[in-house]
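In: Show me the folded form of this:
(chains A and B)
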Amino acid sequence: MTNLSLAWRLSQREMRGGIKGFRVFLACLALGVGAIAAVGWSSSAIIGGLRADAKQLLGGDVELRLVHRPTSAEEYAYLDQTSDAISKAVGMRAMAVSTVGTKERTLIQLKAVDNMYPLAGELKMTPTARVQDALAMRDGHAGALVDPNLLEKLEVEIGDLVRVGKAQFRIAGTIDKEPDRVTNMVNFGPRLMIATDALEATGLIQPGSLIRHYYRLTLPAGTDTKAWREDLTTAFPDAGWRIRGTDEAAPGVQRFIDRLTLFMSFVGYTVLLVGGVGITRAVTAYLESKTRTIAALKCLGADSQLIVSIYLLQLLCLAGIGIVVGIVGGIALPAALLGTFADTLPVRPEIALYPSAIIAAAAFGVVIAITAALWPIGRARQVSPRDLFRAAAQPLAQRPPLFFLVWIGVGIAILAALVFFTATDPRFAFWFILGALATFGLLRLTGAALIAVSRRLKPSNALLRLVLANVYRPGSAAPGVILSLGLGLSVLVAVIQIEGNVSQQISERLPNEAPAYFFIDIQPHQVEEFDRIVNTTPGVSGLIREPVVRGRIVEINGVAADPKNVPPENQWALRGDRAFSSTAAMKPNTELVAGEWWPSDYAGPPLISFDSKLADGFGVGVGDSLTINVLGREIKAEIASLRDIDWGSLRFDFAVVLSPGVLEGAPHTHIAAANATPDAEKVLERAVTDAFDNVSAVQVREALQAAAKLLEGISGAIRSVAGVTVIAGAIVLAGALAAGQRRRTFDAVVFKVLGATRRRIAAMFILEYGVLGLITGLAAVGVGTLASWGVITFLMRMDWVWLPIDAGMTVVLALAATIGFGLAGSWRILGMKTAPYLRND
Amino acid sequence: MPLDLYTHEKPELNMTSADSSLIQLNDVELTLSSDAGPVEILRGIDLTVGQGETVGIVGPSGSGKTSLLMILAGLERATKGSVRVADITFDGKSEDELAKVRGNTIGIVFQDFHLIPNMTALENVALPLELSGGDDPFNRAEEALTEVGLGHRITHYPGQLSGGEQQRVALARALAPRPALILADEPTGNLDGETGEKIMDLMFGIHDRNGTTLVLVTHEMRLADKCGRRISIADGKIVADDTSIVAAAD
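Out: Predicted coordinates for the structure are as follows:
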């Protein structure tokens, strides 16, 4: 303890030099900690907002959803008895057709609500009115509330009539805020809201139509929601309803936030790692300036342990400042942004402190600061007191003792553990850790290779020789520059290549491969006429039509199916209801990877042809069984074959296809897809929707354009966030180049004395920085491209293409950064007078 | 005895009685490795210095005099032979153990002062006392500074002191632990004549008052002449060991 107090006293004296030499150290640490704090806090704030508004988003304490059918009288009676209030709503897709002008039409998200709506929260509309009054019958037409963009799509105004199915509705107003609707990320149809009493008149309630019946309940105060749900399931085990409580108010948003947090966390971790490189360089530079002091202390009786303690304590104090600045900035900035744009977000964030996010960021900061500082401190520990007898200050030892290397390894392990436990997806965390280690290794290898090659090359050009000598000399900035800037640029390259590939898929490839239209809710008695209309419309081809029912996979090999028990990428198949189809003959271009298709006249026990990727995720194969629930009826079927399905192509397919005879008795509809030339698209849509009020047309091009627009918006944000890693790299780069300023000044003085012009000296600097920038850029392109290939190919399962222009821009950026920062620091040297430096010598 | 730099015969050593000898070097050799091969710095040094002696070590550049000082300070390990200072054998001691020996027993004064720039004069002088866990370091440090005539500059930083004042602080730092031995490496090398003279007067004054053994390396003959004993080193060997300088001067 006495030694610790002495070390503390001495470290405080060392701090009297101020923090001027620690600007890069503090900036790197603050940026890294700030990035982690910002991500953690923002995620907590949005999830906090989700929880705070859960009842409003859900529409009550509990929501029940049934597909295809409403509750039975018995079921409704039970709900009525066990709740304080019930509000019923019906949701489906439909077509809205204008009754004025050119009779434009569009796909809509139709929602019918009862008199109790909304049970929680308030629906805001223009003009302001009560919901029930706006939707009431007037002059023979029921009212409808619409999304503002519906007016634009249909070229109508408030007061005009629109047709939905067989009924016409008066547009009573526009919806400003729907309390139980989270803003859709991609709009596949604007909202049109009517009263449940008016739904019958549309003629859209037909057997097999994809209609969702919602029941929102307010439970009596003090009710244990979990117990209530269990009682309901016990009372009606085969009802087939989805039950959600306030803890699952907006699962889609929750998943989106989790994914976004995952990505942003990885960017934050990368910023921290880049910052760690900067910390090591900054501490090295500082301790190199302290070799005389350390030698003097050792001459006076200080042992190595005391030396380590003095400088570790000093750096911990400074780290504390950096961590606090990082946390404050990491919270204040997103708090200000989220607060400003709260109304435009899908969920209003809850601005609060969130200690767990702060503690996590602080923990990362402490560990990275210590781990990054141990290498130079270990080297400084070996400074010999003999150095005081030498004229020139000696460099630090090449590497620290083994003891320090072990502790550095421990620090890295703790960092990896922190990443693993704070990431929302441990599997991604595992791959990130591996990827980070590999990237570090590759970039260090690149630096070592550059030095080795520079040493071997013996160009005849004197300028080039000098430049290469600067690259491989001891204390060269090359390894640090390549590592720090290379890390940040690698992330940027990976992000740009991934985003570019996805964007290309959506905006170029898919429109060529995907059908022009999907048509849904085609009734069985309409198929013949439907086929005739489609096949006789000029410019239309490739019609595919299949029967479809909605159901859920409830058991896998006899065990209840739980999304938590399957990999994240397969959980979608167990969440809610899915579309199942049934067919006798195998479709052309079907890729069977296991088992056999049933004969076209098969009439035996139920069989399934299953998606092979889902089968992998579920851990099932040919011969295993799945139990599906369709309209309350459970059907157990054996898996007869597995198919490889490319979902990314938007090709018409089903994860579950049943053998003939299983679904024929169930109420079902048909879904169809067709290709069309651009000129034929509108003609086809009108022909089908004029003939069939109940059939909805989903224009794929429009959907892809909406997705592309969303991606464009997101990619800008993603690139900006990834750009933070480049900023961190730039700070470290500036520090690394500044550290070599003294040597460059000395070189310039000597060159000038020996007859070099300023132009020649400038050319030498530019060439040296240029070589560094070029190698760094190329290394970053290599590493980032490799990472993007892995993500696109194995994670997103898409075809990967290399985007050379984006890659080239990265190399240009690296060149600009190194030359820019380098010259900014060296410009002064070119103009200085040499005499003062020679006199001091 | 005239200074003979060219004989390779070991001159007759001036032996003091064994129980009053502070320094004992027996056949000490120092060989350092370099890219060009091993370099012999010291070749068979035998030296005994008694308590209270003042010894000046002279020799041309590269003769090994600074290396000899480093051996005495425990800053360099002899490749061969034994080193014993103040009844402590240096052989087999770790670097940290030698550091502690220095803190308690040996004071060192450097040509370049080597004060800690972020510490005041008082803190610089108290440092060896703090490092050795001594009692009342700051009061003792103030006494030492007063002894060298800088009692009024205790709160000043090295950057605020002249070269001579910095060297006086360094001297006070070497003196404060009341070491048995003070080693000085060209203590006046960076000072002008008048200032250097004052520093030497202080050093020898301390010796006279406290009986501290003083070993200093210098290439200034007038400084070496102040010592009671002058040892000449050439080519890593002691070529002359003269105790008659002062007697002759007297």
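In: Stretch B:127-142 spans what distance, first to last residue?
Out: Using C-alpha to C-alpha, to the nearest Å, one end of stretch B:127-142 lies 12 Å from the other.
In: From the chain's centroid, how far away is it?
Out: Centre-to-centre, stretch B:127-142 and its host chain are 21 Å apart (C-alpha atoms, centre = their mean, to the nearest Å).
In: residues of that stretch that come out buried?
Out: Going by neighbour count (16 or more other C-beta atoms under 10 Å in any protein chain shown), the buried part of stretch B:127-142 is B:127-132, B:134, B:137, B:140-142. All C-beta atoms are positioned from the backbone trio N, CA, C, and that covers glycine.
In: Quick check, pLDDT for residue 215.
Out: Picking chain A for this. At A:Y215, the pLDDT value in this model is 95.
In: let's do chain B instead
Out: Note for B:V215: predicted pLDDT of 95.
In: in terms of contact, does it touch B:M70 like I think?
Out: No - when contacts are counted by C-beta atoms under 8 Å, B:V215 is not listed as touching B:M70 (11.8 Å).
In: B:F138: helix or strand, and which one exactly?
Out: Per DSSP states H and E, B:F138 falls inside helix B:137-147.
In: where exactly do the strands run in chain B?
Out: Secondary structure of chain B by DSSP state E: the strands cover B:21-34, B:37-50, B:54-58, B:80-85, B:88-89, B:106-109, B:181-185, B:213-217, B:229-234, B:237-242.
In: Tabulate those strands (CSV), appending mean neighbour count.
Out: Formatted as CSV, the strands of chain B follow (neighbours: other C-beta atoms under 10 Å in any protein chain shown):
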stretch, mean neighbour count
strand B:21-34, 16
strand B:37-50, 18
strand B:54-58, 25
strand B:80-85, 18
strand B:88-89, 13
strand B:106-109, 27
strand B:181-185, 24
strand B:213-217, 26
strand B:229-234, 23
strand B:237-242, 21
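In: Burial check on the residue of the stretch 1-150 of chain A found nearest chain B, number of neighbours?
Out: Using C-beta to the nearest C-beta, the closest approach of the stretch 1-150 of chain A to chain B is made by A:R16 at 4.4 Å. Counted with other C-beta atoms under 10 Å in any protein chain shown, residues neighbouring A:R16 total 12.
In: try the one 10 residues further on
Out: In terms of burial, A:L26 registers 20 neighbours under the definition other C-beta under 10 Å.
In: That one: what secondary structure?
Out: helix (DSSP: H, G, I helix; E, B strand; the rest coil).
In: A:G189 and A:T106 touch, don't they?
Out: Yes - assessed by C-beta under 8 Å, A:G189 is found in contact with A:T106 at 6.8 Å.
In: Quick check, central residue of chain A?
Out: Per C-alpha atoms, centre = their mean, the C-alpha nearest to the average position across chain A is that of A:L260, at 3.4 Å.
In: tell me the contacts of it?
Out: Residues in contact with A:L260, defined by C-beta atoms under 8 Å, 6 or more residues apart in numbering or on different chains, are A:S43.
In: now with 10 Å?
Out: A:39, A:42-43, A:46, A:424, A:714, A:717-718, A:721 (C-beta atoms under 10 Å, 6 or more residues apart in numbering or on different chains).
In: Buried ones in the helix or strand hosting it, by neighbour count?
Out: Assigned by DSSP H and E, A:L260 belongs to helix A:251-288. Within helix A:251-288, the residues scored as buried using 16+ other C-beta under 10 Å are A:253-254, A:257, A:260-288.
In: burial count for the residue in chain B that chain A sits nearest to?
Out: Nearest residue of chain B to chain A, counting by C-beta to the nearest C-beta: B:G103, 2.1 Å away. Residues within reach of B:G103, counting by other C-beta under 10 Å, total 25.
In: hang on, isn't it packed against B:R173?
Out: No - between B:G103 and B:R173 there is no contact under C-beta atoms under 10 Å: 11.3 Å.
In: Find residues that contact each of the two.
Out: Counting by C-beta under 10 Å, 6+ apart, the contacts common to B:G103 and B:R173 are A:300, B:127-129.
In: Next step: the residues you listed restricted to helices.
Out: B:127-129 (DSSP state H).
In: Confirm the residue of the stretch 1-150 of chain A closest to chain B sits in a helix?
Out: Yes - the assignment for A:R16 (three-state DSSP) places it in a helix.
In: Quick one: residues contacting the closest residue to it other than its chain neighbours.
Out: Leaving aside its sequence neighbours, A:R16 sits nearest to B:N118 (C-beta to C-beta, 6 or more residues apart in numbering or on different chains; 4.4 Å). Residues in contact with B:N118 (C-beta under 10 Å, 6+ apart) are A:10, A:12-18, A:290, A:293, B:124, B:157-159.
In: again, but for A:L135
Out: A:112-115, A:117, A:129, A:142-145, A:169-170, A:172-173, A:193-198.
In: same thing with A:I766?
Out: A:467, A:818-819, A:822-823, A:826.
In: Give the full set of residues in contact with residue 145.
Out: Picked chain A for this. Residues near A:L145 by C-beta under 10 Å, 6+ apart: A:111, A:113, A:123, A:125-126, A:129, A:131, A:134-135, A:158, A:169, A:171-176, A:178, A:191-194.
In: Oops, wrong one, chain B.
Out: Per C-beta under 10 Å, 6+ apart, neighbours of B:L145: B:121-122, B:124-126, B:151-154, B:168-169, B:171-173, B:175-176.
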